[in-house]
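**Q** the following block contains a protein sequence and its predicted model.
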Amino acid sequence: MSSSSVNKTAHPFDKARLEALLSHRFFYAPAFEIYNGVAGLYDYGPAGSALQANIIAEWRKHFIIEDSMLELDTTIMTPAPVFETSGHVARFADWMVKDTKTGDVLRADHLVKNVLEVRLAGDKEARGEAAKPAEDDKKKKKKNVKKVAVRLADDLVKEYEVILARLDNYGGPELGELCRKHDIRNPDTDNEVSEPQEFNLMFTSSIGPTGKVPGYLRPETAQGHFLNFSRLLDFNNGRVPFASAQIGRSFRNEISPRAGLLRVREFTMAEIEHFVDPLNKNHSKFGEVRDTVLTLLDRDVQAAGGTQVVQLSVGEAVDKGVIANETLGYFMARIYTFLLKVGINPERLRFRQHMSNEMAHYATDCWDAEIQNSTGWTECVGCADRAAYDLTVHSKKTGHPLVVKEAIEPPIVTEKDVPVFNKKLLGGTFKRDGQTLQHHLESLAEPELLKVKEELAKGKASVTVDGKTFEVTPELLTIERRTFKQSVREYTPNVIEPSFGLGRILYTLLEHSFWCREQDVDRGVLSLPPLVAPTKVLIVPISAKKEFEPLTNEISAKLRRAGVFSRVDDSSVSIGKRYARNDELGTPYGITVDFASVKNRTVTLRERDTTDQRIGSVEKVIETVTELVEGGIDWAEACQRLPAYDGVQAVD
Ligand SMILES: Nc1ncnc2c1ncn2[C@@H]1O[C@H](COP(=O)(O)OP(=O)(O)OP(=O)(O)O)[C@@H](O)[C@H]1O
């Protein structure tokens, strides 16, 4: 059987089955479960931790090593003034509403989205256009069932669609207005909801025993990069552009986290801050990504209430001004190739541009890499041009210059007229007004200064400051032509920031990888690419007999030496069950050791998706599987090297 003949869509995607698998195989589980858990906090088990570690390892290679980024590990606990200056204390908030009777809290934009989506689904059903809901969806939406299958007027359908397309652009007052206008209530109780109120998402803390030094758990890693900017610049020999990178935990006190790993209160982020000259946002490696084609949903389409995407090469998108600059385009293309490498389905990946209200006030352009999953389209990576905002505000607040000083070669030589004062005489003549007059003349533009010069040539000039006129003579003031040489340019760099939420990528990847075998819906498979699969090779002795141990240990040691992570499963259950268990863990290859192996030193190699088995010598199989795991060859090539196994021992 070849991989192309595997039918992965024989059964519709079943979220409940996937969740059961993830829990059973301990990819992740609610934290503090035996204390009844806390919403939005999860622990990763062995499979989830290994999967995340492999995604992170690839992220390091793909971004940090590829672009020689400077890696950081900065603190999570942050004193309050940092976030007061960055604007997080005032603005890092979402809008919440309260159930007017029970006091339950809901995030306002999510409430509007959920209710309108359910109504639109009901309308589709009433028109006979709806796909049959999956069993678990039916259970989940029990409370909304009475709203399902209600036909809506055509213009209301359009209005709902426009609201949903623009949802991220609405603030609290508009969300409140929408709840009133469309009678949006708490779906769990059918009660009305309050006016939206802002809720700051940062966890507060205090540093030290006095309780008098307030602090916050960081909600992003970015500020750690900005505060270390001068050291990083120094490390990079004073040169820009360069990028810093950091992988670490962030905390957000989300209003009502109900979407598993997609919205949690503690999560791992991987962030890049690329510092660039504001006058030149070209990228030296843009040529390498120019032809990468991306699916784009731009802000104009959303503002008009649409969701139509276009496929554009990054080169074309930057040339046409759809993407603001080359550096932003470079990172969008690199994000795209990274996500594909780790196993995200390109057909379910798009870049959505932020609308004007949605974008942070300082940002100049921002695109989210959104990945489609069973809850809809979810932002998994944000990619923003943050301009010079962060460095400017921190520098202003602390007095520490966060700037680049660049030598100008050759220096720029300019000539200009400047006022030259006889300060003693000026003070004697005008007393305290002398200084005001001096500042005024120094701030004059050149044409005005030239007028003063002309009058002085005739003996005296009159200068008016704040309604008061002063007469000045050539003894007090002369206007002279001077030469200036500028050999240093000082500027605050702009920042392009790709910001990854690893949990969201991990979960959507699990959804994209999951399917059930055609012949048996209870046999779930995770088709994780070998690059990120927690275990690459499963070594399966046909039984737990002692005689298999030497060969099993030898194969295991050889794979270890080749850098291939393997596990031995010599449990007493049947080989078929052992493989089924490892299909659920996403293990791409299996080596079976049987009696013939001990005698002839031949083993079989099994491929997870096709369950296809080939046979070869121990050495050849190890060499082949190593190349498969490293991505040097694919299964079709492996099949050319190793003949099909047609032995009696059926392993599936
Ligand atoms: N509560 C969360 N749980 C899991 N991942 C998150 C959460 N909040 C943000 N992220 C991840 O961090 C990345 C960068 O954060 P960013 O501030 O851009 O998100 P955001 O716009 O606040 O997300 P959202 O609008 O979904 O709340 C996101 O793309 C996402 O992958």
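**A** Yep, that arrived.
**Q** which residues touch the closest residue in space to residue 642 that isn't next to it in sequence?
**A** Closest residue to residue 642 apart from its sequence neighbours, by Cβ to Cβ, 6 or more residues apart in numbering: residue 614 at 3.6 Å. Placement of C-beta: from N, CA and C, glycine included. Residue 614 is in contact with 604-605, 621, 638-639, 642-645, counting by Cβ atoms under 8 Å, 6 or more residues apart in numbering.
**Q** what's the answer for residue 385, then?
**A** 281, 324-325, 327-328, 363-366, 494-497 are the contacts of residue 385 under Cβ under 8 Å, 6+ apart.
**Q** from those, which land in helices?
**A** The helices, defined by DSSP state H, take in 327-328 from the contacts of residue 385.
**Q** got JSON lines for the contacts of residue 385, with neighbour count too?
**A** Converted to JSON lines, these look like this (neighbours: other Cβ atoms under 10 Å):
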{"residue": "281", "neighbour count": "21"}
{"residue": "324", "neighbour count": "19"}
{"residue": "325", "neighbour count": "20"}
{"residue": "327", "neighbour count": "25"}
{"residue": "328", "neighbour count": "27"}
{"residue": "363", "neighbour count": "18"}
{"residue": "364", "neighbour count": "18"}
{"residue": "365", "neighbour count": "19"}
{"residue": "366", "neighbour count": "21"}
{"residue": "494", "neighbour count": "24"}
{"residue": "495", "neighbour count": "28"}
{"residue": "496", "neighbour count": "29"}
{"residue": "497", "neighbour count": "22"}
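**Q** where's the residue lying closest to residue 306 once chain neighbours are set aside, which helix or strand?
**A** Setting aside the residues directly before and after it, residue 306 is nearest to residue 165 in space (Cβ to Cβ, 6+ apart), at 6.2 Å. Using DSSP states H and E, residue 165 falls within helix 154-166.
**Q** from the contacts of residue 614, which two are the most distant?
**A** Largest separation among the contacts of residue 614 by Cβ to Cβ: 621 and 644, giving 13.6 Å.
**Q** show me which of these two is the more surrounded one.
**A** residue 621 (27 against 12; other Cβ atoms under 10 Å).
**Q** mind listing what the more buried one touches?
**A** Residue 621 sits in contact with 591, 603-605, 614, 642, where contact means Cβ under 8 Å, 6+ apart.
**Q** so which of the residues you listed are in strands?
**A** For the contacts of residue 621, the ones inside strands are 591, 603-605, 614, with DSSP state E as the criterion.
**Q** roughly how far does the nearest residue to residue 492 once chain neighbours are set aside sit from residue 498?
**A** If the residues on either side of it in the chain are set aside, residue 492 comes closest to residue 388, at 4.3 Å by Cβ to Cβ, 6+ apart. With distances taken as Cβ to Cβ, to the nearest Å, residue 388 is found 18 Å from residue 498.
**Q** if we can go back for a sec, turn the contacts of residue 385 into JSON lines, columns for distance to residue 395 and pLDDT.
**A** Formatted as JSON lines, the contacts of residue 385 follow (distance: Cβ to Cβ, whole Å; pLDDT from 0 to 100):
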{"residue": "281", "distance to residue 395": "21", "pLDDT": "97"}
{"residue": "324", "distance to residue 395": "24", "pLDDT": "95"}
{"residue": "325", "distance to residue 395": "23", "pLDDT": "96"}
{"residue": "327", "distance to residue 395": "22", "pLDDT": "97"}
{"residue": "328", "distance to residue 395": "24", "pLDDT": "97"}
{"residue": "363", "distance to residue 395": "19", "pLDDT": "82"}
{"residue": "364", "distance to residue 395": "19", "pLDDT": "85"}
{"residue": "365", "distance to residue 395": "23", "pLDDT": "92"}
{"residue": "366", "distance to residue 395": "23", "pLDDT": "96"}
{"residue": "494", "distance to residue 395": "14", "pLDDT": "97"}
{"residue": "495", "distance to residue 395": "13", "pLDDT": "97"}
{"residue": "496", "distance to residue 395": "19", "pLDDT": "97"}
{"residue": "497", "distance to residue 395": "18", "pLDDT": "97"}
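**Q** isn't residue 126 up against residue 153?
**A** No. Counting by Cβ atoms under 8 Å, residue 126 stays clear of residue 153, with 11.7 Å between them.
**Q** for the residue in the stretch 451-600 of the chain that the ligand sits nearest to, report the pLDDT, please.
**A** The minimum distance from the stretch 451-600 of the chain to the ligand, using Cβ to the nearest ligand atom, falls at residue 501 (2.1 Å). We have a pLDDT of 98 for residue 501.
**Q** show the backbone phi and psi for the residue lying closest to residue 170 once chain neighbours are set aside.
**A** Excluding the flanking residues, the one nearest residue 170 by Cβ to Cβ, 6+ apart is residue 109, at 6.7 Å. Main-chain dihedrals, residue 109, degrees, to the nearest 10: phi -70, psi -40.
**Q** contacting residues for residue 109?
**A** 94-95, 167-168, 170, 175.
**Q** around the ligand, pick out the residues from the stretch 251-400 of the chain.
**A** With Cβ under 6 Å from any ligand atom as the criterion, the stretch 251-400 of the chain meets the ligand at residues 252, 254, 263-264, 267, 269, 379-382.
**Q** just put these in TSV and tack on pLDDT, distance to residue 403 and secondary structure.
**A** TSV is the format used below for those (pLDDT from 0 to 100; distance: Cβ to Cβ, whole Å; DSSP: H, G, I helix; E, B strand; the rest coil):
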residue	pLDDT	distance to residue 403	secondary structure
252	97	31	coil
254	96	36	coil
263	96	38	coil
264	97	37	coil
267	98	33	strand
269	98	27	strand
379	97	32	strand
380	98	34	strand
381	98	29	strand
382	97	26	strand
